[in-house]
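Colleague: heads up, no residue letters with this:
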């Protein structure tokens, strides 16, 4: 399923950069670009399908939070990621209160941008796969998809990017995965995948349990907590 993205950004170069970043990500496409709150409101009121808004907070005709309030009042429930230089804690508090799912501070690299949208994609994948009624652990996994992957305390030799990919593979699956299955998803060896999975289990970010097959020694499988 493709996520259609509306970019709300008044600076032309930044808007172009964000659009090029979105175009580089599988599963995402640019639905449109708006350079002001009024232009964004018109776009959202049209028949154009929008799943996600990348919202700058400093717009020439008003604050991004004002646009967000109008969106919610109009019943527009598309998700919002704040992409902004606004570091005021009060802005962050109000953004979260109004349903901003992620907050991306400028300036940032493509790798950081990709990581945020991959977190969002993992959340959407689990949400779309869920039934009409969900259990507590399913809700926990969905919301857990929006948490960043910690990389500062990784053991020597481990890559933050690989950890992010392994974690995303677990979060996107509605069933526990073995090291072999995760390796196939991320394009790594089974030994490498298991090392990352064991680290997640040891640090309390994943649960390991035996998977019993037709015979022989049981294989371990993992799921995100």
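Modeller: In hand now; what should we look at? On a predicted model such as this, the values are computed, not experimentally measured, just so you know.
Colleague: Whichever strand or helix holds residue 112 - contacts with which helices or strands?
Modeller: Using DSSP states H and E, residue 112 sits in helix 110-129. In terms of contacts (3 or more Cβ pairs under 8 Å, 6 or more residues apart in numbering; DSSP states H and E), helix 110-129 is packed against strand 3-8, helix 12-23, strand 79-84, strand 100-105, helix 136-144, helix 160-172. From N, CA and C alone the C-beta is placed, and that goes for glycine too.
Colleague: Just send those back as JSON lines, with distance to residue 191 too.
Modeller: What follows is these, written out as JSON lines (distance: least, Cβ to Cβ, whole Å):
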{"stretch": "strand 3-8", "distance to residue 191": "33"}
{"stretch": "helix 12-23", "distance to residue 191": "33"}
{"stretch": "strand 79-84", "distance to residue 191": "35"}
{"stretch": "strand 100-105", "distance to residue 191": "33"}
{"stretch": "helix 136-144", "distance to residue 191": "26"}
{"stretch": "helix 160-172", "distance to residue 191": "13"}
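Colleague: Would you reformat the ones you listed as JSON lines and include mean neighbour count and mean pLDDT?
Modeller: Compiled in JSON lines, the helices and strands packed on helix 110-129 are given as follows (neighbours: other Cβ atoms under 10 Å; pLDDT from 0 to 100):
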{"stretch": "strand 3-8", "mean neighbour count": "23", "mean pLDDT": "96"}
{"stretch": "helix 12-23", "mean neighbour count": "16", "mean pLDDT": "95"}
{"stretch": "strand 79-84", "mean neighbour count": "22", "mean pLDDT": "93"}
{"stretch": "strand 100-105", "mean neighbour count": "18", "mean pLDDT": "89"}
{"stretch": "helix 136-144", "mean neighbour count": "15", "mean pLDDT": "69"}
{"stretch": "helix 160-172", "mean neighbour count": "21", "mean pLDDT": "85"}
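Colleague: Out of those, flag the one nearest residue 46.
Modeller: Residue 46 lies closest to strand 3-8 among the helices and strands packed on helix 110-129, at 10.6 Å (Cβ to Cβ).
Colleague: residue ranges with poor pLDDT in the protein?
Modeller: Counting by pLDDT under 70, the chain contains low-confidence ranges at 135, 137-138, 140-145, 147-153, 213-216.
Colleague: so what are the domain limits for it?
Modeller: By the assignment in automatic domain parsing, the chain contains the domains 3-108, 135-224.
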